[in-house]
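Asks: Quick one, what's the 3D model for this:
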Amino acid sequence: MKKISVAIIALMALWMQGMGQSQHTFALGDSTFLLDGHPFQMISGEIHYPRVPREAWRARIQMAKSMGLNTIGTYVFWNVHEPEKGHYEFSGNNDIAEFVKIAKEEGMYVVLRPSPYVCAEWEFGGYPYWLQNEKGLVVRSKDPRYLEAYRNYIHAVGKQLAPLQVNHGGNILMVQIENEYGSYSDDKEYLEINRKMFVDAGFDGLLFTCDPEAAIKNGHLPGLLPAINGQDNPVKVKKLIRENHGGKGPFYIAEWYPAWFDWWGTKHHTVPYQQYLGRLDSVLSAGISINMYMFHGGTTRGFMNGANANDKDPYEPQISSYDYDAPLDEAGNATEKYMQFRAVIAKHLQPGQTLPAVPAKRGVITIPAVTLTQATGVFSLLPAAVKHATPLTFEDLKQAYGFVLYRTTVDGGKAGVLKINALRDYGIVYVNGKRVGTLDRRLKQDSLQVTLPKGKVRLEILVENLGRINFGPYLLQNKKGITESVVFGGKELKGWEMYSLPFSNVPVVKAGKVGVNEPVLREGGFKLDAVGDTYLDMSQWGKGVVWVNGHNLGRYWEVGPQQTVFVPAEWLKKGENSIAVLELIKPEVQVVRGIDHAILDEVR
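Replies: Predicted coordinates for the structure are as follows:
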């Protein structure tokens, strides 16, 4: 009997625990959101879980709460969760369900944006590269192949997140379908298919769309709340939403921009906080809900940065730092913008409500200068070749990111123009192993005058994917590598060997021969007595990628604005640490220097 009683008590405890997950209602009032029937003003900030180490998620959310936010906004990134068709990944830094649960533990709500197109200055706007292997497939359309892949993905997301909606006892207030679709097209039937897929995937709570002012009519699906992006004049916000929502609210600015992002070859963007204080105050005074994009940008690590391109502007790949001049800086510390925004929000607290104290500044360290003694030439790391008459794209090679080396043999003893048709995106040209020039899509470069020595000549082109386009009219022109042909002296070159170098993991570096001007992979180590946030100074290097303890920290490039690389404390350890650098154009450089902790505040 005693054993039976214990079992019954245990079952009752589990039942009571389940009952503790109380369900809530979140609905649209005529002018405000209604949480359990009471007016609720969202003061939200965007944080993207892949741009923050998992170990730091809680700290970032606590910083949001201390600034006065009550909600976290986040996209969900298809290419992170389904990197290859049918292979789903929701663990580690991709465990978005855990991110949402941590927010709940910290007393914060979540606005979920699975879209599945996210833009977000993210590779291919969040779409997985493999969609392009379906010839003629059109994203953001009623193409049956796209809709099937989309449906499979959103159902996988639903299994993770639908149970975490407020109407099921969780903290997800509402879910966005598509993303700024009105800037792309106006097919309401397509939007309705989106809505149905979300509902079928278990998202049975409040759904909404969001668009910039000029596109809200095209992108809104009747019956759903139309949110506005990039407009913060209270009169205009209310007018736009009423016009598209039956004369009613509530009123929600889904993206309010406290600054902007950066791309290679331009200055770091900053916007003084003084330009925003009155606007933030007026929005909150008007009872409008708001989501700051970004509250905390973090870092776009690995090769996941996107790019912009249109008929007016050249190809503009974004940098790895997603600091955004946001209220919370790249390292997760409060800026003056943060403190000033906090003061504005504090004016709008309910009677008796107070803000939590701002957490202490994160600890910083300085990594000593490290000489990377181990080095090997990249050409010694080549895998088996794939042979084809004409160059194959990354997609043809079933390679998402990184680099591909293209090699062919030509008859020498002549000079001429080497032209790479539709280079995507950055190419380094070698003749018999010697670098003879570079071609940069940003600068609309596709041709190079080349003199070939006599005899049979080995011609090689190392091509880097600098990021697929994430916004604009060329979203469907996103294949990488040499996407058309190579011509020398007016004659198309045939007989190519392709070598995949995705660098999805840093290879083990063994000391080896490095050719003249050959790209090099260097490795070294350093010892720490204590860990803390820090930056690496890559200003003496040329162009490449940095790993610390196996974590890809992102790219650096001498064209700027990013020549420092952020190293989060969570990825360092007491004792021995490893560092690896892939350097493309200055193979002779050997020393990596840390930034003096005393000037970290001045570094992005």
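
Asks: Report the buried residues of stretch 342-361.
Replies: Within stretch 342-361, the residues that count as buried by 16 or more other Cβ atoms under 10 Å are 342, 344-345, 348. C-beta here means a position set from N, CA and C on the backbone, and glycine is covered the same way.

Asks: Closest one to residue 408 out of those residues, please.
Replies: Minimum separation from residue 408 among those (Cβ to Cβ) is found for residue 342, which lies at 59.7 Å.

Asks: Look up the closest residue to that closest one, ignoring the ones flanking it.
Replies: Leaving out its chain neighbours, the residue that sits closest to residue 342 by Cβ to Cβ, 6 or more residues apart in numbering is residue 67, at 4.7 Å.

Asks: correct me, but that neighbour touches residue 326?
Replies: No - contact between residue 67 and residue 326 fails when scored by Cβ atoms under 8 Å: they sit 11.0 Å apart.

Asks: what residues do the two have in common as contacts?
Replies: Where contact means Cβ atoms under 8 Å, 6 or more residues apart in numbering, the residues bridging residue 67 and residue 326 through contact with each are residue 295.

Asks: about what we covered before: ok, now which ones touch the residue nearest to residue 342?
Replies: Residue 67 is in contact with 45, 295, 327-328, 334, 338, 341-342, 345, 355, 358, counting by Cβ under 8 Å, 6+ apart.

Asks: how about the residues you listed in TSV, adding secondary structure and distance to residue 59?
Replies: Written out in TSV, the entries for those read as follows (DSSP: H, G, I helix; E, B strand; the rest coil; distance: Cβ to Cβ, whole Å):
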residue	secondary structure	distance to residue 59
45	strand	14
295	strand	13
327	coil	15
328	strand	10
334	strand	12
338	helix	14
341	helix	18
342	helix	17
345	helix	20
355	coil	17
358	coil	12
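
Asks: follow-up on the earlier one: what's the farthest-apart pair in the buried residues of stretch 342-361?
Replies: Taking Cβ to Cβ, no two of the buried residues of stretch 342-361 sit farther apart than 342 and 348, at 11.3 Å.

Asks: what about the helices in the chain?
Replies: For the chain, the helices defined by DSSP state H occupy 2-19, 57-67, 78-81, 96-105, 144-161, 188-200, 216-219, 234-243, 274-285, 336-346.

Asks: Pick out the shakiest of those helices, pLDDT-wise.
Replies: Of all the helices of the chain, the segment with the smallest mean pLDDT is helix 2-19, scoring a mean of 36.

Asks: Tell me the spacing between residue 522 and residue 548.
Replies: 13 Å (Cβ to Cβ, to the nearest Å).

Asks: How about residue 440?
Replies: In this view, residue 440 and residue 548 are 27 Å apart by Cβ to Cβ.

Asks: Tell me which of the two has more neighbours.
Replies: Comparing residue 440 with residue 548 by neighbour count (other Cβ atoms under 10 Å), the higher total belongs to residue 548, at 23 against 19.

Asks: Might you report the residue contacts of residue 92?
Replies: Neighbouring residues of residue 92 by Cβ under 8 Å, 6+ apart: residue 54.

Asks: For it, give me the pLDDT.
Replies: At residue 92 the predicted local confidence, pLDDT, stands at 97.

Asks: what's the answer for residue 517, then?
Replies: Residue 517 is assigned a predicted lDDT (pLDDT) of 89.

Asks: tell me the contacts of it?
Replies: For residue 517, the contact set (Cβ under 8 Å, 6+ apart) comprises 430, 434-435, 585, 587.

Asks: if I look at it, how far off is residue 415?
Replies: With distances defined as Cβ to Cβ, the gap from residue 517 to residue 415 amounts to 20 Å.

Asks: ok, now residue 437?
Replies: Using Cβ to Cβ, which is the criterion applied here, residue 437 is 13 Å from residue 415.

Asks: Mutual contacts of those two, please.
Replies: Where contact means Cβ under 8 Å, 6+ apart, the residues bridging residue 437 and residue 415 through contact with each are residue 450.

Asks: These two: which is more packed in?
Replies: Counting neighbours by other Cβ under 10 Å for residue 437 and for residue 415 shows that residue 437 has the greater number, 15 against 11.

Asks: Look up the closest residue to that one, ignoring the ones flanking it.
Replies: Spatial nearest neighbour of residue 437, chain neighbours left out: residue 448 (4.5 Å); criterion: Cβ to Cβ, 6+ apart.

Asks: Count the residues that sit near the one you found.
Replies: By other Cβ under 10 Å, 18 other residues sit near residue 448.

Asks: give me the beta-bridge partners of the residue most central in space within the chain?
Replies: The centre of the chain sits closest to residue 122, judged by Cα atoms, centre = their mean, with a distance of 4.0 Å. When bridges are called by DSSP bridges, residue 122 pairs up with residue 305.
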